[in-house]
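Have a look at this prediction, sequence included:
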Amino acid sequence: YEGCSITYREGNEWNDGYRAGYNWWNPNFKQSDAQPVVCVSWNDAMAYAKWLSRQTGQTYRLPTEAEWEYAARAGTTTVRHWGDDPNQACRYANVADQAAKKIFPNLTIHACDDRYVNTAPVGSFQPNAWILHDMLGNVWEWTCSAYDENYGGAEQECAREDVPDPRVVRGGAWDETPAWVRSALRYGDSPMLRYGNEGFRLARF
């Protein structure tokens, strides 16, 4: 795969920009070592988890969808771990906001300013109750689970790597509107594709 599709969502409209050659070290916007990796596919994330496990002698993997939501909610039942008001997002998450609207004037935004147009350094915002940062916003996060529209138990386990079904991503991202930044929001993406708003975090077992 030779490129990374830089994508942002506005309501139900999609605006996709594809540039050949964009990848995790050149996502078409400035990144520092403190910012989350983007332009990585599910397959990339799985390969990294295996490599890290070999390097450290510990077991790392992507969380299942159920594990991810459990960690993101941190014991809450509200729409977001900070509550139901999307306009409080900029204290807790890097989302589509007033800073982003300067670059994307037609973007539907949260009514706040988190100061970042693209990704933010990890840990820039207040964590959830379990001291986990960036569970919502900044980048969508791959889970190891296959996407099942009706759940059906797939959220409890990791997908087989040899099956090309869509994989679940969670959490919303720096370019996402309020409707897409929710603890329960989920969608499926191809395990082979890379986007400038998708990354991952690993769980250690």
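That came in fine, so what should we check first? Quantities reported herein were computed from a predicted structural model and do not represent experimental measurements. Residues are numbered from 1 along each chain as shown.

State whether N43 is indeed within a helix.
Yes - counting by DSSP: H, G, I helix; E, B strand; the rest coil, N43 is found in a helix.

where does the nearest residue to it once chain neighbours are set aside fall, helix, sheet strand or coil?
Once flanking residues are discounted, N43 sits nearest to P191: 5.4 Å by CB to CB, 6 or more residues apart in numbering. Yep, even glycine has a C-beta here, placed from its N, CA and C like the rest. Classification of P191 using three-state DSSP returns coil.

Give me the neighbour count for P191.
P191: 20 surrounding residues under other CB atoms under 10 Å.

can you give me the strands for this structure?
Counting by DSSP state E, the chain has strands at residues 3-10, 13-20, 60-61, 140-146, 167-170, 186-189, 198-199, 203-204.

circling back to that earlier point, looks like the residue nearest to N43 contacts D44 (just checking).
No - the criterion here is CB atoms under 8 Å, and P191 misses it with D44 at 9.3 Å.

re the thing from before, would you single out the least confident of the strands of the chain?
Among these, strand 3-10 has the lowest mean pLDDT, at a mean of 32.

worst-scoring helix or strand of the protein, pLDDT-wise?
strand 3-10 (a mean of 32; mean pLDDT, DSSP states H and E).

Could you report the neighbour count for E65?
Neighbours of E65 (other CB under 10 Å): 26.

tell me the contacts of it?
Under the criterion of CB atoms under 8 Å, 6 or more residues apart in numbering, the neighbours of E65 are 143, 145, 154-156, 168, 170, 186.

Could you rerun that using 6 Å?
Listed by CB atoms under 6 Å, 6 or more residues apart in numbering, the contact partners of E65 are 143, 145, 155, 168.

how close does it get to Y147?
8 Å (CB to CB, to the nearest Å).

which residues do these two both contact?
By CB under 6 Å, 6+ apart, E65 and Y147 have these common neighbours: V168.

which stretches of this protein form helices?
42-56, 65-73, 98-101 (DSSP state H).

Touching the shortest one from outside, list them.
Identification of contacts with helix 98-101 by CB under 6 Å, 6+ apart yields 107, 109, 113, 115, 117.

switch the cut-off to 8 Å
For helix 98-101, the external contacting residues (CB under 8 Å, 6+ apart) are 107, 109, 111-117, 174-175.
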